[in-house]
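*Asks:* How does the following fold in three dimensions:
(one chain, ligands or ions: 1)
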Amino acid sequence: MSSSSVTLNNGVEIPAVGFGVFQTPPDETVTAVETALAAGYRHIDTAAAYLNERGVGEAIRRSGLDRSELFIETKVWITDYGYDATLHAYDKSAAKLGIEQIDLLILHQALPGEFELTLDAYRALERLLADGKVRAIGVSNFMPAHLARLLAETSVVPAVNQIEVHPYFRQSELLAVDAEHGILSQAWSPIGGITFYRDGSHGSTLEDATIGKIAAAHGRTPAQVMLRWHLQQGRQVIPKSVRPSRIAENLDVFGFELTGDELAAIDALDTGVRGGPEPEQITRETFGLQIPEA
Ligand code: NDP
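*Replies:* Coordinates of the predicted model:
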């Protein structure tokens, strides 16, 4: 894939490279998103649980860009699951973002222990899609068993599954399941953010010798090589940064091509070790953040 956009399974177009704002503090979000929009990003990935949807909305307004040029994605948090609660979650997010239609609305997590509630939340997304309040719907952190049950019990195949994918955790089986059903895999922590956020005990993908060698061979940075690896394997990416030079660097990934051997060498770095929370263990008790009203 060398083009700069991807077509979702319902025909809607999404830019191949989006801009993530997880852990961008609310007071820095306006500037970060304004910087990204000025650099050329058109897709912003936020979430109700990031508590920065208002900042994203403010940056959209300040950008002066026509709404039709932008692709805004947000996520429903698990404490807002249930048919009526999820319809209301849409109202909260749309009001904070200051937009009337959300381009892509996804469930942030499966609730494996309360899957009926998860299904009710997804049915609300189907309703919002039918009503034209969203242009596409999807899920995040859904494992193969969650997808199988969702596909068996609901009508609309998710347009995306936003999952942890970076060179140290590739989730090959899940990527294959997504592809089999025409679900776009969106890579979160695409340059391995989750591997170096924490306590420094994990190795950083940015300092990986194999990635560094490939980067040097192309006169590119490790981050650009990782993003290119995703794009060439058909994934969409949403790198996060609050620094203007990195924001620009992460979008400048269309002028070079990795070889098959280089892609395979990066695939071989997979450790099978997840950096983020185990999807099977997500419960409302342990992750029970309440999402404020708009
Ligand atoms: P990323 O892989 O995007 O890495 C972000 C980290 O890398 C930050 O510490 C950033 O620091 C740094 N960084 C960014 N660009 C560069 C660069 N070119 N060179 C060196 N360092 C760089 O990880 P994230 O976890 O932030 O994931 C990206 C997005 O994915 C999130 O913002 C969010 O939208 C989504 N996400 C979704 C999840 C889900 O459950 N659905 C979970 C986690 C993330 P700095 O800002 O200082 O530049």
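*Asks:* what does the stretch 101-250 of the chain put close to the ligand?
*Replies:* Taking Cβ under 6 Å from any ligand atom as the measure of proximity, the stretch 101-250 of the chain contacts the ligand at 108, 140-141, 162, 188-194, 206, 221, 223, 238-243, 246, 249-250. Where you see a C-beta, it was placed from the backbone N, CA and C, and this is true even at glycine.
*Asks:* Type out the PyMOL command that picks the buried ones from those residues.
*Replies:* In PyMOL, this line selects whichever of these come out buried by 16 or more other Cβ atoms under 10 Å:
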select buried, resi 108+140+141+162+188+189+190+191+192+193+194+206+221+223+238+239+240+241+242+249+250
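*Asks:* among the residues of the stretch 101-250 of the chain next to the ligand, which are in strands?
*Replies:* Ser140, Gln162, Trp188 (DSSP state E).
*Asks:* I'd like the distance between Gly18 and Ser5.
*Replies:* Distance check for Gly18 against Ser5: by Cβ to Cβ, to the nearest Å, it reads 11 Å.
*Asks:* okay, these two: which has more neighbours?
*Replies:* Gly18 (24 against 15; other Cβ atoms under 10 Å).
*Asks:* Spit out the contact partners of the closest residue to the ligand within the stretch 101-250 of the chain.
*Replies:* Per Cβ to the nearest ligand atom, Gly193 is where the stretch 101-250 of the chain lies closest to the ligand, at 2.1 Å. For Gly193, the contacting residues are His166, Pro239, Lys240, by Cβ atoms under 8 Å, 6 or more residues apart in numbering.
*Asks:* Ok, Phe19 next?
*Replies:* So Phe19 contacts Ala32, Val33, Ala36, Tyr41, His43, Ile44, Asp45, Ile238, Pro239, Lys240, Ile247 (Cβ under 8 Å, 6+ apart).
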